[in-house]
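A.B. asks: model this:
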Amino acid sequence: MRNPFPGARARMARLPRWWPLPACALLGATAGGAYGVLHTPQYTATSYVIAVPQDRTDPSAALGYAQAYGRVATQLAVLGDAQVAAGMSATRLKDSVRVATSPDAPMIAITASSAHPGEAALTANAVARSLTVSANHAKKSTQIKLLPFSRALKPTAPSSVSTPVSTLVGTSAGGLIGGLALLVRPRRPADRVGTATVPAPTPVLAGDAV
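C.D. replies: Down below sits the predicted model:
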């Protein structure tokens, strides 16, 4: 079959061998910059709740209950009251909230993410309040009380990756791919001329002399 682009191979052959490196870096920078411009910024806000032992309860018990309450903080039974305050469904509420506990302190961190800073703070506080109310229903039997420690504030800056950072990451990733392409790319015949192996001379035996 006849080549529809007869000059393409010749032009590719004239390019320097390292051309995939800048090409991939430029492509990565373009993709990273486009992502940074087009993606929706995300804001996060965190509310903290602390477990406090009551009466003569062992203080170490508060740490165990904080771990337990952290595991159930995003369950539907706990999020019932938070749905009304946050104004969203339980499924969306659960997807937008992350809960973390500390192995050293009876503290529960409730972090909410949203495209709107005010909604992020409202959601984190609503879940923290709902968890506190739900846990304190059983404080007489557990002798542990949950108290608000720090309310979530409206974030002033997005927590998602900015456009310059995403561009830099894209450039680095593209450069890495270009470097790997150079490593696995087969060498051209012209590049192997200098490394050709000269065959060893055949030894001549005394009986073969003329």
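
A.B. asks: so for the longest strand that the chain contains, mean pLDDT?
C.D. replies: With secondary structure taken from DSSP state E, the chain has its longest strand at strand 43-53. Average pLDDT, strand 43-53: 93.

A.B. asks: buried residues in the very next helix or strand once past that strand, which are they?
C.D. replies: For strand 43-53, the following helix or strand on the C-terminal side (DSSP states H and E) is helix 59-72. For helix 59-72, the neighbour count (16 or more other C-beta atoms under 10 Å) marks 61-63, 65-66, 69-70 as buried. Every residue, glycine included, has its C-beta placed from N, CA and C.

A.B. asks: any stretches of the chain with poor pLDDT?
C.D. replies: Applying pLDDT under 70 to the chain flags residues 1-16, 18, 32-33, 35-40, 159-166, 182, 185-210.

A.B. asks: so where do the strands sit in it?
C.D. replies: Going by DSSP E, the chain shows strands at 43-53, 97-101, 107-114, 144-150.

A.B. asks: reformat the ones you listed as a markdown table; add mean neighbour count and distance to Val127.
C.D. replies: Shown next, in a markdown table, are the strands of the chain (neighbours: other C-beta atoms under 10 Å; distance: least, C-beta to C-beta, whole Å):
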| stretch | mean neighbour count | distance to Val127 |
| --- | --- | --- |
| strand 43-53 | 21 | 7 |
| strand 97-101 | 17 | 5 |
| strand 107-114 | 22 | 5 |
| strand 144-150 | 17 | 12 |
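
A.B. asks: I'm done for today, thanks for sticking with me.
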